[in-house]
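> This is a predicted model, with the sequence first.
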Amino acid sequence: MKEFTNYFLLGVSALLPLINPPGTALELLSIVGVDQAKPYKVLARKMAVNTILFLLVVALAGPYVLQFFGISVDYLQLVGGAVLIAMGWRLLDKPNEQSDTRDPNIKRAAEDCVVSAWQSRAFYPLTFPITVGPGSVAVMLTLSAQAKNSEIGARIPAFLGLLACVVALSVMVYIFCAYAPLIAKDVTLRTHSWRAAHHCLLADLYRCTDRMAWDAFSIADNSLRTLVRSAKHSLLQKDGMVKLDCILA
């Protein structure tokens, strides 16, 4: 049970930022289109099933492939980390770079309105590389190789933890992709409402600021006038006292 929990949590923490179900839903929206009546639920179901099968094959066959080619887990971790660093650096260095959705195959898929054509592209490019990319493959290979190298009694719970992780992430992919248009519409409405409330708040803030500034100016003006009157009154009193001293003298 401990190995199951450890590998489940480790897999979720490592694969969730890479698979990124909300980002996958946005990619699907950019490909399929928001206003078009497209089979989102069908595509989401196929993408979720393909994700489970693809990562399961990687988890089960990956360690034996690495063993066949003589690739160690440490070297795989080094290469996988380099791949993730390169992907992150590319995103930071080129924020305006066009994403993989500009691929010619994806453009042809976006221009094709036939449902069967969308379903035939459910694995490529919708599942790979949009949902499961090279980074996810490298992470799954590393986790499965570590699970295979563990003790015999801990191998099955470790692989079951990875399987549960993949199923949970695939369910999230299905939920976000199946209801992507509704989520985008709700986010748009909330964004407009937030912007309207933000503008109203700024207008009230500006009015309050202007009122506070005017009140502060009025207070300063009254204080200055009072100070001037006091100064004049003091000067008049001093002048009167001087004249009185001259008369008395």
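Structure received.
> and the closest residue to V137 other than its chain neighbours, how many neighbours?
Nearest residue to V137, sequence neighbours excluded (Cβ to Cβ, 6 or more residues apart in numbering): V58, at 5.8 Å. Where you see a C-beta, it was placed from the backbone N, CA and C, and this is true even at glycine. V58: 22 surrounding residues under other Cβ atoms under 10 Å.
> The chain: helices as residue ranges?
2-19, 21-32, 40-69, 73-93, 104-111, 115-120, 134-148, 152-178, 180-248 (DSSP state H).
> Could you chop this structure up by domain?
2-178, 191-249 (automatic domain parsing).
> any idea which of the ones you listed scores lowest on pLDDT?
Lowest mean pLDDT of the domains of the chain: domain 191-249, a mean of 59.
> from memory L10 sits against L143, does it?
Yes - using Cβ atoms under 8 Å, L10 is in contact with L143, at 6.7 Å.
> Which of the two has more residues huddled nearby?
It is L143, of L10 and L143, that has more neighbours when counted by other Cβ under 10 Å, with 25 against 18.
> quick one, what contacts that one?
By Cβ atoms under 8 Å, 6 or more residues apart in numbering, the contact list for L143 reads Y7, L10, G11, A14, A59, L162.
> Make TSV from these and add distance to G70 to it.
Formatted as TSV, these follow (distance: Cβ to Cβ, whole Å):
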residue	distance to G70
Y7	25
L10	25
G11	26
A14	25
A59	20
L162	23
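> closest to F69 among these?
Minimum distance to F69 across the contacts of L143 is 17.1 Å, recorded for A59 (Cβ to Cβ).
> Return the distance of the closest residue to the closest one other than its chain neighbours relative to A61.
Of all residues not flanking A59 in the chain, S144 sits nearest, at 4.1 Å (Cβ to Cβ, 6+ apart). Separation of S144 from A61 (Cβ to Cβ, to the nearest Å): 9 Å.
> returning to what we had before: residues in contact with the residue nearest to A59?
V58, A59, L60, G62, P63, F159, L162.
> try 7 Å this time
Contact analysis of S144 by Cβ atoms under 7 Å, 6 or more residues apart in numbering lists A59, G62, P63, L162.
> W89 too?
So W89 contacts nothing (Cβ under 7 Å, 6+ apart).
> follow-up on the earlier one: the residue nearest to V137 against V139, yeah?
No - contact criterion Cβ atoms under 7 Å: V58 and V139 do not qualify, at 9.7 Å.
> My read is that K41 contacts C177, right?
No - here K41 lies out of contact with C177, judged by Cβ under 7 Å, at a distance of 8.5 Å.
> which of those two has more neighbours?
Between K41 and C177, C177 has the larger neighbour count (other Cβ under 10 Å), namely 28 against 12.
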